[in-house]
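Colleague: okay, here's the prediction I keep looking at, along with the sequence it came from:
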Amino acid sequence: MKYVFPFFLFIFIISNNLIMNVKIDTKEKFSVITPETNEITAIMSDEFRKSLTDQLTYPIPHVILNLQTTSNIEDAVLMMLSEVQEIFYNENNSFVICGLNKSILNQLEELELLDTMNITPSESEAWDIVQMEEIERELMNGDDEN
């Protein structure tokens, strides 16, 4: 049996003198990215987008974005997250968001993004989604070979 040890990495996103501390926990099949900030502003959006899409170049490109510590996200950031999710799925990789509070869920609904984004209440459920999507990709690739 192969054992994978979690790897924690802290990244500091610096944009226009604002610093956002981000924890990355690498698992066997995906990485969990957790911004350790109460608020994510539009000014941070470009660097945050880059740090998320950079994951596509890593050996484990699937991402769970855990926003449990974030209570306020500007609309521009939510729009960016929708775009990032689309980039991941176009590259045949998973991108799941979890841990959103009720006010952020309401924002997504007002922006008409709630039904288009892959969102789960908990990180555990996000793990399940990533694993199910991986099985689905394997089955789809197996059908292409026949």
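Modeller: Arrived safely, thanks for sending.

Colleague: what's the pLDDT at the residue lying closest to Glu39 once chain neighbours are set aside?
Modeller: Nearest residue to Glu39, sequence neighbours excluded (Cβ to Cβ, 6 or more residues apart in numbering): Asn72, at 4.3 Å. (Each C-beta comes from the backbone N, C-alpha and C, glycine too.) Looking at Asn72, its pLDDT is 96.

Colleague: what do you get for Asn16?
Modeller: pLDDT, read off for Asn16, is 46.

Colleague: the nearest residue to Thr37 once chain neighbours are set aside bridge partners, please.
Modeller: Leaving aside its sequence neighbours, Thr37 sits nearest to Met20 (Cβ to Cβ, 6+ apart; 5.1 Å). The partner list for Met20 in beta bridges (DSSP bridges) reads Ile13.

Colleague: quick check, Met20 in contact with Pro35.
Modeller: Yes. At 5.8 Å, Met20 counts as touching Pro35 under the criterion of Cβ atoms under 8 Å.
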